[in-house]
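**Q** this is the structure alone, sequence omitted:
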């Protein structure tokens, strides 16, 4: 059974940084696509970043335009953990952040609050 457990959320001032972690079990992270989504209060869940596996063992990252250049998705396959490094945070980054694999597997989320 696939389980995704996020951690690392908290409150930070605008311009600050946070690193979120997603511990994945029940799957082989090395050959899995995995991503981050977020949901702000009163808004729909939206895509943030994704790390995609290719058969050449190269991982491709893509990002929402709103976070490009500020956020980085990293993976540690040996620890079966994916990270979201968030720099230059803005108040509009405030949301619950979710880890995702495929259409069916989601973590319970971790709250990030960015104060102005």
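**A** Thanks, I have it. All values reported here derive from a predicted model rather than from experimental measurement. Numbers count the residues shown, from 1 in each chain.

**Q** give the contact list for the residue nearest to residue 96 when sequence neighbours are not counted.
**A** Setting aside the residues directly before and after it, residue 96 is nearest to residue 109 in space (Cβ to Cβ, 6 or more residues apart in numbering), at 4.1 Å. Yep, even glycine has a C-beta here, placed from its N, CA and C like the rest. Contacts for residue 109 (Cβ atoms under 8 Å, 6 or more residues apart in numbering) come out as 6, 39, 96, 97, 98.

**Q** poorly predicted segments of the chain, please.
**A** Counting by pLDDT under 70, the chain contains no low-confidence segment.

**Q** need the helices for it, in chain order.
**A** Per DSSP state H, the chain has no helices. Nothing in it meets that criterion.

**Q** any idea which residue is closest to the centre of it?
**A** For the chain, the residue nearest the mean C-alpha position is residue 36 (3.2 Å; Cα atoms, centre = their mean).

**Q** that one against residue 19, yeah?
**A** No. When contacts are counted by Cβ atoms under 8 Å, residue 36 is not listed as touching residue 19 (11.8 Å).

**Q** now the common contact residues for those two.
**A** Here residue 36 and residue 19 have residue 84 as joint contacts, going by Cβ under 8 Å, 6+ apart.

**Q** pull out the buried members of the contacts of residue 109.
**A** By neighbour count, with 16 or more other Cβ atoms under 10 Å, the contacts of residue 109 hold 6, 96, 97, 98 as buried.

**Q** how about the residues you listed in TSV, adding distance to residue 47?
**A** Converted to TSV, the buried ones among the contacts of residue 109 look like this (distance: Cβ to Cβ, whole Å):
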residue	distance to residue 47
6	16
96	14
97	12
98	11
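
**Q** from those, which ones fall inside strands?
**A** The strands, defined by DSSP state E, take in 6, 96, 97, 98 from the buried ones among the contacts of residue 109.

**Q** quick one, what contacts the last one?
**A** So that's residue 98. When the contact criterion is Cβ under 8 Å, 6+ apart, the partners of residue 98 are 6, 36, 37, 38, 39, 45, 106, 107, 108, 109.
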